[in-house]
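Show me how the following folds:
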Amino acid sequence: MFPLLTLFLQNPPPSLFYLSLLKTKDLIEVQNLYQLSIRLLRELEGLGFLTAVYLASSFLHL
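The predicted structure follows:
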């Protein structure tokens, strides 16, 4: 659905050096945001699959 976002989430840039410069609180927020974005991407992929199934079933009933 979002190929660039999927590519970025699967292969994050090597920014461990920059993350190590952040405070612990900021690092936890970055981790939470990363996990939230992965969860949102999975939900969107699931929603896209359900939409495709719904559209296919509605065409089959015509």
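
Check this structure for its longest helix and report it.
helix 24-60 (DSSP state H).

for that one, packing partners?
Contacts defined by 3 or more CB pairs under 8 Å, 6 or more residues apart in numbering; DSSP states H and E place helix 24-60 against helix 3-10. Heads up, the C-betas are built off the backbone N, CA and C, glycines and all.

hang on, the earlier thing: what residues sit buried inside the longest helix of the chain?
Residues of helix 24-60 classed as buried: residue 41 (neighbour count, 16 or more other CB atoms under 10 Å).

What's the mean pLDDT across that helix?
The average pLDDT within helix 24-60 is 78.

Mind exporting the C-alpha coordinates of stretch 30-39 to CSV?
The C-alpha trace of stretch 30-39 is given here as CSV (Å, rounded to 0.1, in the frame of the first residue of the first chain):
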residue,chain,number,x,y,z
VAL,A,30,11.3,7.0,19.4
GLN,A,31,10.9,3.3,20.1
ASN,A,32,7.2,3.8,20.8
LEU,A,33,6.7,5.8,17.7
TYR,A,34,8.5,3.2,15.6
GLN,A,35,6.3,0.4,17.1
LEU,A,36,3.2,2.4,16.6
SER,A,37,4.0,3.0,13.0
ILE,A,38,4.6,-0.7,12.4
ARG,A,39,1.3,-1.5,14.1
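
Thank you kindly, that will do.
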